[in-house]
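S.K.: Predicted model follows, preceded by the sequence.
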Amino acid sequence: MSNFVPSSVRRHLKRGGLATLLALSPSLAFAHAGHGEAIGFAHGFWHPVGGLDHVLAMVAVGIFAANLGGRALWAVPATFVALMAAGGAFGMYGVAMPFVEIGIAASVIVLGGAVALGWRNWPLGAAMALVGFFAVFHGHAHGAEMPADASAFAYAAGFMLATALLHVAGIGAGIAIGKVGTDAPRLAQGLGAAVAMAGVGLLAGVI
């Protein structure tokens, strides 16, 4: 892989990965402290992975970040994870938030659309604000569905790690598509359009 990915991209990916591990390390250590914590971690990890809406949005964030390049490779996914954690806290403690399911479906449409339209010149702050806005909806859904007997810290560590891994998968897909050649933009746009259409199906309740 090192022969195909520019050194600057590898540095950004390593930096983002280290930042994610450092942010999660206290909760990950706690998650492995006992049987109950491990169960909470497992529930948290599988919650994003088990929902098509979450998977599509997380991967789209990664592809969007890859399209933007530079600092966006780690700053955009990190923003999503951070604000998702805040939304998760709201959900865990029963703070009401309107239109959560609509917001999640809309995130799939908008983030898929961002990839489909080839948005590559967004200011970093605007891209972070866009993904951060939708992250709160995803986080609230995760937090609200936490099992009653789960550790909040372990559960949060689980869904944060799963989300980060899905972002990395999206970044990898975006970088791989970029190596295709002259057909890369059309391929990325087609993938983004498919994600956006799936979001429309989710919003309409047919998926």
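M.R.: Ah, there it is. Residues are numbered from 1 along each chain as shown.

S.K.: contacts and neighbour counts: CA atoms only from here.
M.R.: OK.

S.K.: if I pick the residue positioned nearest the centre of the chain, what's in contact with it?
M.R.: The chain has Met58 as the residue nearest its centroid, 3.2 Å off, counting by CA atoms, centre = their mean. By CA atoms under 8 Å, 6 or more residues apart in numbering, the residues touching Met58 are Thr163, Leu166, His167, Gly170.

S.K.: now it: how far from Leu130?
M.R.: According to CA to CA, to the nearest Å, Met58 and Leu130 sit 13 Å apart.

S.K.: Repeat that for Phe80.
M.R.: 9 Å.

S.K.: neighbour-wise, which of those two wins?
M.R.: Phe80 (28 against 18; other CA atoms under 10 Å).

S.K.: Tell me the pLDDT of that one.
M.R.: Looking at Phe80, its pLDDT is 98.

S.K.: can you dump the C-alpha coordinates of the helix or strand harbouring it into CSV?
M.R.: For Phe80, the element it lies in under DSSP states H and E is helix 72-92. C-alpha atoms of helix 72-92 as CSV (Å, rounded to 0.1, in the frame of the first residue of the first chain):
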residue,chain,number,x,y,z
ALA,A,72,-9.7,17.0,6.1
LEU,A,73,-8.6,13.4,6.0
TRP,A,74,-8.4,13.3,9.8
ALA,A,75,-10.2,16.5,10.9
VAL,A,76,-13.6,15.7,9.2
PRO,A,77,-13.9,12.2,10.7
ALA,A,78,-12.6,13.3,14.1
THR,A,79,-15.2,16.1,14.2
PHE,A,80,-17.9,13.5,13.4
VAL,A,81,-16.8,11.2,16.2
ALA,A,82,-16.5,14.0,18.7
LEU,A,83,-19.9,15.5,18.1
MET,A,84,-21.5,12.0,17.8
ALA,A,85,-20.2,11.3,21.3
ALA,A,86,-21.9,14.5,22.5
GLY,A,87,-25.1,13.4,20.9
GLY,A,88,-24.7,10.0,22.4
ALA,A,89,-24.5,11.6,25.9
PHE,A,90,-27.8,13.4,25.2
GLY,A,91,-29.4,10.1,24.2
MET,A,92,-28.1,8.2,27.2
